[in-house]
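Engineer: Sequence and predicted model, in that order:
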Amino acid sequence: MKKISIVVPTYNEEENIRPLTEQILSTMARECPQYDLELLFIDNHSKDRSQQIIRELCASNPKIKAIFNTKNFGQANSPFHGLLSCTGDCAILVCADFQDPIELLPQFVREWEKGYRIVIGRKTTSRESRLMYALRSLYYRLLNKFSDFEQIEHFTGFGLYDASFIATLRQLHDPTPFLRGIVAELGPDRKEIPYTQPKRRAGKTKNNFYRLYDLAMLSFTSYTKIGLRVAVFVGFICSILSLVVALIYLVLKLVNWYTFPMGQAPILLGVFVFGSLQLFFIGLIGEYIIAMNKRLMNRPLVVEAERINFDRPSVSSVAAAENAASGGSLPQEKCGDTSQECEA
């Protein structure tokens, strides 16, 4: 019997966890009864009753598992770590806020059985703010235009991933993974299923400006070179213009030594214009350096505080990172029908 893993990242989702669990279990039991099921919650150190509710669910059903992180490691690392920790023949990543339609899960599975190793949901419309949707559309178009690889517009990570692709994810050892870009860059042929994104069922979104900016910069610095190229070209053009202006002023001063005033206006203009350009591009280059620095440090994706309903305890994240750094192999863990290297 094939096993399907459903990975649900949570952070302060106490109002959504129980109804989401009930809907997932009932939908899969009705539409996909021939499969074994694993429901894995990975909690990013919630401050509300989320962990307590998850514990109660795990106690009532051994097929419901949980990973509790020691702190909030961000909305990119935690779901990625959840995918690496699954044990099914495929894994489905679902948000806990009901903005990923649960009724699409059986359709994902049917397309997977047809041979697609990746089946994703892609938003065509959304019931969120029109302004926010328009800004997201603009962001995706710009990213797709400047990226080295064709990016997937309005793709949040909601989708099904075969165990073979998850094995590829395990080989990356990327401490700052951007799943959407990885799927576009390294994923095999995929099936895209359009859907309308509903509103959040309950609670408030955890995506503030800083989190959205951080995610946008992660994708921008990971999959584009345009920022650095623009800095080089604009810097070169400004240097040429500065040299031309300087020569013009020198000639005019030499020709009209006593009558031509040098003036403060052009000096101030040059200082402020070129100074602001320098500051902007230094900041942009800094974003690339930040992304490089995180990868060079090679820290673990997350540090786990506890696992529930797993067959065996997790390996320490620190020990796994040291083992990988020393060139050793990581502990073996079942992933579908093949044994692959797994990270803690």
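Structural biologist: All right, it came through fine.
Engineer: use CA for all of it now, contacts and neighbours both
Structural biologist: Will do.
Engineer: Walking through the stretch 51-200 of the chain, point out its strands one by one.
Structural biologist: For the stretch 51-200 of the chain, applying DSSP state E, counting those that start in this stretch gives strands covering 64-69, 90-93, 118-126, 159-162, 190-197.
Engineer: quick one: low-confidence parts of the stretch 151-300 of the chain?
Structural biologist: The stretch 151-300 of the chain contains residues with pLDDT under 70 at 201-229, 232, 260-270, 272-273, 276, 290-291, 293-295, 297.
Engineer: ok, 90 please
Structural biologist: Across the stretch 151-300 of the chain, residues meeting the criterion (pLDDT under 90) sit at 151-156, 172-182, 184-189, 196-300.
Engineer: where do the helices sit along it?
Structural biologist: 163-170, 179-186, 209-223, 226-255, 265-297 (DSSP state H, counting those that start in this stretch).
Engineer: in its sheet, what does the helix or strand that comes right after the longest one sit against?
Structural biologist: Which is helix 265-297. The first helix or strand that comes after helix 265-297 along the chain, using DSSP states H and E, is strand 304-308. With DSSP bridges as the test, strand 304-308 is paired with strand 64-69 (antiparallel).
Engineer: Can I get the partner strand in CSV, CA atoms only?
Structural biologist: The C-alpha trace of strand 64-69 is given here as CSV (Å, rounded to 0.1, in the frame of the first residue of the first chain):
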residue,chain,number,x,y,z
ILE,A,64,-0.8,12.2,12.9
LYS,A,65,2.8,13.2,13.6
ALA,A,66,4.4,16.4,14.8
ILE,A,67,7.7,18.3,14.8
PHE,A,68,8.1,21.2,17.2
ASN,A,69,10.8,23.7,16.4
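Engineer: Need the contact partners of it.
Structural biologist: Strand 64-69 is contacted from outside by 38-45, 51, 54-55, 57-58, 302-310, using C-alpha atoms under 8 Å, 6 or more residues apart in numbering.
Engineer: before we move on, what about stretch 37-47?
Structural biologist: Residues contacting stretch 37-47 (C-alpha under 8 Å, 6+ apart): 3-13, 50-51, 54, 63-74, 78-79, 82, 86-88.
Engineer: Buried residues in it, which are they?
Structural biologist: Leu37, Glu38, Leu39, Leu40, Phe41, Ile42, Asp43, Asn44, His45, Ser46 (16 or more other C-alpha atoms under 10 Å).
Engineer: For the residues you listed, give me a markdown table that also has pLDDT.
Structural biologist: Below are these laid out as a markdown table (pLDDT from 0 to 100):
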| residue | pLDDT |
| --- | --- |
| Leu37 | 96 |
| Glu38 | 96 |
| Leu39 | 97 |
| Leu40 | 97 |
| Phe41 | 97 |
| Ile42 | 97 |
| Asp43 | 96 |
| Asn44 | 94 |
| His45 | 93 |
| Ser46 | 94 |
